[in-house]
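Enquirer: just need the structure, nothing else, for what follows:
(4 chains)
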There are 2 protein chains.
Amino acid sequence: MLVGERRQKILEVVNSGRAVTVEELSRILDVSPSTVRRDLRFLQSKGLLYRTHGGAMPPVLSSYEPSLVEKESSMVEEKEAIGKYAASLIDEGDTVVIDAGTTTIHIVRNLMVNKAKIVTNFLKAALEVPHKPDIEVLLPGGNLRFSTQALVGPVAENFFEHIRVDKAFIGTNGITLEGFSTPNVLEAATKRAMVRCAEKVFVVSDSTKFGKESFIRFADIDEVDCIITDWHLPDEEVERYREAGLEVIRVKEGGTI
Amino acid sequence: MLVGERRQKILEVVNSGRAVTVEELSRILDVSPSTVRRDLRFLQSKGLLYRTHGGAMPPVLSSYEPSLVEKESSMVEEKEAIGKYAASLIDEGDTVVIDAGTTTIHIVRNLMVNKAKIVTNFLKAALEVPHKPDIEVLLPGGNLRFSTQALVGPVAENFFEHIRVDKAFIGTNGITLEGFSTPNVLEAATKRAMVRCAEKVFVVSDSTKFGKESFIRFADIDEVDCIITDWHLPDEEVERYREAGLEVIRVKEGGTI
DNA sequence: CCAAAAACGATCGTATATAATCAAAAGTAA
DNA sequence: TTACTTTTGATTATATACGATCGTTTTTGG
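Expert: Model prediction:
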């Protein structure tokens, strides 16, 4: 069997959604474990699977932190509606920070203004900002996290500590009455810096994140001005956050309110 | 049998969906393995099949081979060879700067090391660095230029002024005995900062840039240690730059010297 | 926490595939 | 015919793939 053929078979097995062991692949493909390991290393370097001790699994299942591909596939309509509405809040000439995430990407895709300064630590977003003469895209420096395409670390934090912007749109993995949280320490630190550099802070998040608490808290409830979420969030939940002093906006399908 | 006819038959076999070996094709078509390899090489260069050690397979099956779709710009083979050779100059554990450009992208695609720190102002390159645990990708901040996907401006320059790296690989649009030049003012300033932060400076450029002078000069001839170019550059030209104190490396096709 | 077991990466010798080279053959044009 | 180019197959040095081994790291199960 040819090298490429074999690697293709490995991808078929792994991307069918299940995890597989080195020993198993070695048996199926009739090659030594060494060879299987070499192949897995190669495929991992291309980002096509995730290597774990003893075997491999699809990249989307790689950790408790869902990858971009997976997350983008769930709640897409809701996220798009949220992004569209959030984009409508950006005024001509504004300077705004846009966080990394599967919801925030829809903000830049729906940008309406002709003049603005967009600051983002999200490479995917930076590349999707509409090309207009008076729209400027600024990136902080930092370490690139492959899984989320976000720039993080001390360089990024330092950048945000030295700028002031009109509005920040932040994504999150968990929302409770205590605050907002995310699974990754580095990204949390960056989000914290972004929150602090903005005049007005918006959290954009679909309704499934409410009531969940992730690993690290990056903002207290009173550090955020407004939550933009979708139509599924129940009234009583909205009420609780309003009583805590936040503005809560539930967008309807299509991004209206 | 005519050449075109034979190649057509190869495509029929391969695009029927299965992988095929050189030996098998040699027998079917009744030509030598050398000829089969020549045909396969030709067909691969057209993106019509994917070559793997020992044979070939349809391009759709080789989802891990991205370079098939992008044969857009000129001097692709030369640039790839230059990039491959430049990549081989990066040692384990090095910290290197990689500039934006159509040649430099091939450096990251051919990275061989397992441990390195890659600093680049080129978003496309940052996203194509192989995912390995000890390879770190660092971006300077800055303004994003849409046309080149490069980060430029004062933020980027300031970043490079405050770091030191082992090697820098810089692209250029013009090379004369006076120095190196590029059309855009902002990018020139960034290149200048990159040149100054590196222990050893390599310029990577295909041979068509020699003798041309672009708008802004970003480095004098003595600020660069080595030029890596392709096999088309004539001997007398090489000699001129060597007399000026530069190392000039002409890579052969495939990235060897 | 520790120790046994499993999996790992690195390395090496062997086998195979490949590109580069060259000379012969076949085709082309004068 | 001759001079020239293209195509081909044989040759050879180089590159790549592979499995086995071994010392190290990670996981597991007390």
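Enquirer: grab the nearest non-local neighbour of residue A:153.
Expert: In this structure, residue A:153 finds its nearest non-sequential neighbour in residue A:143, 4.1 Å apart by CB to CB, 6 or more residues apart in numbering or on different chains. Glycine gets a C-beta too; all of them are placed from N, C-alpha and C.
Enquirer: part of a helix, is that neighbour?
Expert: No - assigned with DSSP: H, G, I helix; E, B strand; the rest coil, residue A:143 falls outside any helix and is strand.
Enquirer: and it, how many residues sit next to it?
Expert: Neighbourhood size, residue A:143 [other CB atoms under 10 Å in any protein chain shown]: 18.
Enquirer: any residue of stretch A:189-209 up close to chain B?
Expert: No - interface with chain B: stretch A:189-209 contributes nothing (CB under 8 Å from any CB of the partner chain), its closest point being 12.6 Å away.
Enquirer: average model confidence for that stretch?
Expert: Per-residue pLDDT over stretch A:189-209 has a mean of 96.
Enquirer: how far off centre is it?
Expert: Computed by CA atoms, centre = their mean, to the nearest Å, the chain-centroid distance of stretch A:189-209 equals 12 Å.
Enquirer: what residues sit buried inside that stretch?
Expert: With burial defined by 16 or more other CB atoms under 10 Å in any protein chain shown, the residues of stretch A:189-209 counted as buried are A:189-195, A:197-198, A:201-209.
Enquirer: returning to that earlier point: partners of the residue nearest to residue A:153 in the sheet?
Expert: residue A:152, residue B:138 (DSSP bridges).
Enquirer: if I look at it, how far off is residue B:137?
Expert: Look at residue A:143 and residue B:137: by CB to CB, to the nearest Å, they are 7 Å apart.
Enquirer: and residue A:84, that's in a helix?
Expert: Yes - checked against three-state DSSP, residue A:84 lies within a helix.
Enquirer: doesn't residue A:249 make contact with residue A:85?
Expert: Yes - using CB atoms under 8 Å, residue A:85 makes contact with residue A:249 at a distance of 7.0 Å.
Enquirer: between these two, which is the more surrounded one?
Expert: For the pair residue A:85 and residue A:249, the greater number of neighbours falls to residue A:85 (23 against 18), based on other CB under 10 Å.
Enquirer: if we can go back for a sec, who touches both of residue A:85 and residue A:249?
Expert: A:228, A:257 (CB atoms under 8 Å, 6 or more residues apart in numbering or on different chains).
Enquirer: got the confidence number for residue A:13?
Expert: pLDDT for residue A:13: 83.
Enquirer: mind checking the SS state of it?
Expert: Put simply, residue A:13 is helix when judged by three-state DSSP.
Enquirer: please tell me how far residue A:37 sits from residue A:23.
Expert: For residue A:37, the distance to residue A:23 - CB to CB - is 11 Å.
Enquirer: so which of those two has more stuff around it?
Expert: Higher neighbour count among residue A:37 and residue A:23: residue A:37, with 15 against 12, using other CB under 10 Å.
Enquirer: for the spatially most central residue of chain A, give me phi and psi.
Expert: For chain A, the residue nearest the mean C-alpha position is residue A:101 (2.1 Å; CA atoms, centre = their mean). Residue A:101 adopts backbone torsions of phi 150, psi 170, taken as degrees, to the nearest 10.
Enquirer: so what's it closest to, chain neighbours aside?
Expert: Nearest in space to residue A:101, with sequence neighbours left out and distances taken as CB to CB, 6+ apart, is residue A:171 at 2.9 Å.
Enquirer: count of residues packed around the one you found?
Expert: Using other CB under 10 Å, residue A:171 has 28 other residues around it.
Enquirer: that one against residue A:106, yeah?
Expert: No - Residue A:171 is not in contact with residue A:106 according to CB under 8 Å; the separation is 10.6 Å.
Enquirer: now residue A:28: phi and psi?
Expert: Dihedral angles of residue A:28 (phi, psi; degrees, to the nearest 10) stand at phi -60, psi -50.
Enquirer: then residue A:198?
Expert: When read as degrees, to the nearest 10, the backbone of residue A:198 gives phi -110, psi 140.
Enquirer: all helices of the stretch 151-257 of chain A, in order?
Expert: For the stretch 151-257 of chain A, applying DSSP state H, counting those that start in this stretch gives helices covering A:154-161, A:185-196, A:235-243.
Enquirer: and the ones you listed: which comes nearest DNA strand D?
Expert: With CB to the nearest atom of the strand, the closest approach to DNA strand D among these belongs to helix A:185-196: 18.9 Å.
Enquirer: for that closest one, the distance to its chain's centre please.
Expert: Its chain's C-alpha centre and that of helix A:185-196 lie 13 Å apart, by CA atoms, centre = their mean.
Enquirer: hmm, who's touching that helix?
Expert: Residues outside helix A:185-196 that contact it (CB under 8 Å, 6+ apart) are A:97, A:99-100, A:121, A:142-143, A:145, A:148, A:150-153, A:156-157, A:159-161, A:168, A:170, A:172, A:180-182, A:201, A:215-219, A:223-224.
Enquirer: not counting its neighbours along the chain, what's nearest residue A:246?
Expert: residue A:227 (5.8 Å).
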